[in-house]
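> What follows is a predicted protein model with its sequence.
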Amino acid sequence: MALNKKIRRIGVLTGGGDCPGLNAVIRAVVKTAIGTYKLSVVGFENGFGGLIQNRACDLTVRDVVGILPRGGTILGTTNRDNPFKYQMVVNGEKTFRDVSDRVIENINIQEIDALIIIGGDGSLSIGKDLYEKKGLPVVGVPKTIDNDLSATDQTFGFDTALTTATEALDKLHTTAESHHRVMVLEVMGRYAGWIALEAGIAGGADVILIPEIPYSIKNVYEKIYQRQEHGKLFSIVVVAEGAKPLGGDMVVKRMVEESFDPIRLGGIGNVVAKQIEDETGMESRVTVLGHLQRGGSPTAFDRILATRYGAGAVNLVMAGKFGEMVCLRTPNIKSVQLAEAVGEIRHVPVNGDMVRTARQIGISFGDK
Ligand code: F6P
């Protein structure tokens with residue numbers, strides 16, 4: 001690949017929800033940029049907020065020492081502050097303004113030749129718009145525990161969230177078995193059921209409810225009764241936050257107007273547990289795993305993927321491949337146009353191998 005000689009200084013930011021492995025990407029960006037290409041690196045604080053307000057600091061190799069195993073992001077992040085729809089208070093009234101020109105001014109002030117955006121669907125969509133509408137040389141890195149970006153085999157952060165959810169299921173099993181209860185675990189994932197599906201398989205769930213397969217609660221009761229008939233006096237149910245009954249809707253917890261994705265899901269676990277207890281008479285308890293899934297040290301898999309993405313993003317910058325995002329096409333790191341990468345959610349294929357395998361070992365999805 002031809003090296004782009006004009007690049008001297010690059011910027012990096014983390015946008016959207018935090019995710020295990022963000023620091024590993026930042027570390028790889030800094031080490032590759034400085035060590036391999038002799039560039040300098042600027043980190044913007046708190047996602048696009050730092051770009052809009054010109055809050056930035058130089059990052060050296062010393063700044064990234066020891067951050068590989070750390071969760072969160074040393075740069076800070078937010079899922080607000082979209083430069084094309086920036087919330088302001090004018091004459092006491094909340095209003096949204098396009099402040100994308102400020103971003104370009106600040107990029108010029110910082111003398112940055114390219115910007116690496118580490119983010120999920122929302123942040124990468126903004127990156128695409130900054131590239132297409134403002135001509136900003138942008139490269140993307142796909143991040144999210146939800147694993148719902150269609151253009152990559154896997155996002156970093158997912159494996160850690162999956163491990164956390166699996167460990168939670170292992171722990172819930174002991175109480176379920178000892179107390180003869182139904183234990184319901186609600187996991188994150190937005191509109192995709194990857195965390196629920198894979199944790200459910202890895203953690204030995206009896207029922208998995210995901211957004212892609214609308215369920216009938218009667219089928220869930222049926223599965224629990226069948227287990228009772230076989231002497232199994234407990235059941236484990238994993239519910240994705242976006243799961244919905246046939247003909248029904250997802251449970252929305254709250255709306256966050258100024259966020260890239262204003263809908264916050266949550267609460268379906270309680271609904272399902274109450275229905276099960278009311279119908280079967282079995283004691284049912286709910287655990288909402290929440291942000292535990294986003295926290296903590298990344299797994300070895302996520303550290304490696306994040307490192308490959310970070311180095312890969314700098315390679316894309318040096319090759320002048322702007323408007324693109326690094327992606328995993330197993331076993332290689334490749335790239336894809338941001339325009340192709342955003343907007344389309346990667347759902348669980350309902351007739352795919354993973355769902356089929358789960359069904360074959362007796363897991364119910366509540367649809368039959
Ligand atoms: O996209 C990551 C994610 O953790 C989703 O799984 C979840 O729906 C959402 O973010 C929660 O966002 P917040 O931290 O803003 O409540």
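Cool, the structure landed.
> so what secondary structure elements neighbour whichever strand or helix holds residue 301?
Element membership of residue 301, judged by DSSP states H and E, is helix 300-318. Helix 300-318 makes packing contacts with helix 22-31, strand 114-119, strand 138-142, helix 158-179, strand 324-329, strand 332-337 when contacts are defined by 3 or more CB pairs under 8 Å, 6 or more residues apart in numbering; DSSP states H and E. For glycine as for every other residue, the C-beta is placed from the backbone atoms N, C-alpha and C.
> buried stuff in it?
Of the residues in helix 300-318, 301-303, 305-318 count as buried by neighbour count, 16 or more other CB atoms under 10 Å.
> same check, this time on stretch 206-224
Within stretch 206-224, the residues scored as buried using 16+ other CB under 10 Å are 206-215, 217, 220-221, 223-224.
> Just the residues you listed: which are in helices?
Applying DSSP state H to these, the entries found in helices are 217, 220-221, 223-224.
> Let me have the residues you listed in JSON lines, adding distance to the ligand and pLDDT as columns.
What follows is these, written out as JSON lines (distance: CB to the nearest ligand atom, whole Å; pLDDT from 0 to 100):
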{"residue": "217", "distance to the ligand": "23", "pLDDT": "98"}
{"residue": "220", "distance to the ligand": "22", "pLDDT": "98"}
{"residue": "221", "distance to the ligand": "27", "pLDDT": "98"}
{"residue": "223", "distance to the ligand": "26", "pLDDT": "98"}
{"residue": "224", "distance to the ligand": "27", "pLDDT": "98"}
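> List the buried residues in stretch 47-66.
For stretch 47-66, the buried set under the neighbour-count rule, 16+ other CB under 10 Å, comprises 47-52, 56, 59, 63-64.
> just checking, residue 96 touches residue 86?
Yes - contact criterion CB atoms under 8 Å: residue 96 and residue 86 qualify, at 6.5 Å.
> hmm, back to that, okay, the buried residues of stretch 47-66 in TSV with distance to residue 10, pLDDT and secondary structure next?
Output for the buried residues of stretch 47-66, formatted as TSV (distance: CB to CB, whole Å; pLDDT from 0 to 100; DSSP: H, G, I helix; E, B strand; the rest coil):
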residue	distance to residue 10	pLDDT	secondary structure
47	17	97	coil
48	17	97	helix
49	19	97	helix
50	15	98	helix
51	13	97	helix
52	19	97	helix
56	12	98	strand
59	10	98	strand
63	15	98	helix
64	14	98	helix
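> Quickly name whichever of those residues is closest to the ligand.
Checking the buried residues of stretch 47-66 against the ligand with CB to the nearest ligand atom, the nearest one is residue 47 at 12.4 Å.
> Show the backbone phi and psi for the closest one.
Residue 47 adopts backbone torsions of phi 60, psi -140, taken as degrees, to the nearest 10.
> interface residues of this protein facing the ligand?
For the chain, the contact set with the ligand under CB under 6 Å from any ligand atom comprises 17, 79, 120, 144-146, 188-190, 241, 264-265, 294.
> make it 5 Å
Applying CB under 5 Å from any ligand atom, we find that the chain lies next to the ligand at 17, 146, 188, 190.
> where does this protein have low pLDDT?
1-5 (pLDDT under 70).
> Spatially central, which residue of it would that be?
Central residue of the chain (CA atoms, centre = their mean): residue 144, 1.8 Å from the mean position.
> wait, what's in contact with the closest residue to that one other than its chain neighbours?
Nearest-residue entry for residue 144: residue 120, 3.9 Å, with adjacent residues in sequence omitted and distances by CB to CB, 6 or more residues apart in numbering. When the contact criterion is CB atoms under 8 Å, 6 or more residues apart in numbering, the partners of residue 120 are 15-17, 19, 142-144, 146, 149, 155.
> for residue 13, same thing?
43-44, 47-48, 50-51, 75, 115-118.
> Who are the contact partners of the closest residue in space to residue 27 that isn't next to it in sequence?
Sequence neighbours aside, residue 64 is the residue nearest to residue 27 in space, at 4.1 Å (criterion: CB to CB, 6+ apart). The contact partners of residue 64, taken as CB under 8 Å, 6+ apart, are 23, 26-27, 30-31, 74.
> do residue 36 as well
Contacts for residue 36 (CB under 8 Å, 6+ apart) come out as residue 314.
> Closest to residue 229 out of the buried residues of stretch 47-66?
Checking these against residue 229 by CB to CB gives residue 47 as the nearest, at 52.7 Å.
> in terms of contact, does the closest one touch residue 126 like I think?
No - counting by CB under 8 Å, residue 47 sits too far from residue 126 to count as a contact (9.2 Å).
> what residues are shared contacts of these two?
Shared contacts of residue 47 and residue 126 (CB under 8 Å, 6+ apart): 15, 119.
> which helices and strands does the host helix or strand of residue 128 pack with?
According to DSSP H and E, residue 128 maps onto helix 121-134. Packed against helix 121-134 by the contact rule (3+ CB pairs under 8 Å, 6+ apart) you find helix 100-109, strand 114-119, strand 138-142, helix 338-341.
> Try it again at 6 Å.
Judged by 3 or more CB pairs under 6 Å, 6 or more residues apart in numbering; DSSP states H and E, the packing partners of helix 121-134 are strand 138-142, helix 338-341.
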